[in-house]
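Peer 1: Please find the sequence and the predicted model below.
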Amino acid sequence: MSYAVDFTTVSTVGLESSPVAPALAGLRANEARYFKNKYDHVFTVEPANTAKKTIAWVSKILADERRIVIESKPLEATEFEVEGIRMAYVFYESGLSINVMYTLEDSGKRAVGFKLSDGMEIPEELDSFKFARQKSKLAGTIRGSFFVIKGEY
């Protein structure tokens, strides 16, 4: 069952098994607010067991581009298109959020972004990345990093 993320009342629905569930819920709500404000898009997630195609696409990009395999269990995911950009998000039990921004036009920007929830350690598979800090009213301190996608997916 899909779930429209409410960014006015942050809920841990779907994320309860995460040791940092409130912070991960804030991170998810932060993304929902961004897409509502910038694109008037309602950010809707679905449980990982029904979002296997999205999770497989994100996992393939990580593996092919950087040989990264995320050890944490995926809890939720979403995939949508806004203004010619294919977006995918996967939220993991550890508190990690991974997003893929894939512009459909050949000359467009394509990247993978990592965001770490407040209170989680940097996962071993991402320890080669430098993370910048950002403050969020919904998520506390978010640490983020990214890499540019070179291949075609």
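Peer 2: Looks like it arrived, so ask away.

Peer 1: neighbouring contacts of the longest helix along the chain?
Peer 2: Secondary structure of the chain per DSSP state H: the longest helix is helix 21-39. Contacts with helix 21-39, where a contact means C-beta atoms under 8 Å, 6 or more residues apart in numbering, come from 5-7, 10-13, 15, 18, 41-43, 45, 76, 82-83, 89, 91, 95, 97, 99, 115, 117-120, 136, 138-140, 142. Any C-beta I mention is one placed from the backbone N, CA and C, and that applies to glycine too.

Peer 1: Can you tell me which of those residues are buried?
Peer 2: For these, a neighbour count by 16 or more other C-beta atoms under 10 Å gives the buried set as 5-7, 10, 15, 18, 41, 43, 45, 76, 89, 91, 95, 97, 99, 115, 117-118, 120, 136, 138-140, 142.

Peer 1: which parts of the following helix or strand past the longest helix of the chain are buried?
Peer 2: Downstream of helix 21-39, the next assigned helix or strand under DSSP states H and E is strand 44-47. Judged by neighbour count using 16+ other C-beta under 10 Å, the buried positions of strand 44-47 are Val45, Glu46.

Peer 1: just so I have it, where are all the strands in the chain?
Peer 2: In the chain, the segments counted as strands under DSSP state E are 3-4, 44-47, 74-82, 85-92, 96-103, 110-116, 132-136, 140-148.

Peer 1: can you put the ones you listed in TSV and add mean pLDDT?
Peer 2: Shown next, in TSV, are the strands of the chain (pLDDT from 0 to 100):
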stretch	mean pLDDT
strand 3-4	92
strand 44-47	97
strand 74-82	97
strand 85-92	98
strand 96-103	98
strand 110-116	98
strand 132-136	93
strand 140-148	95
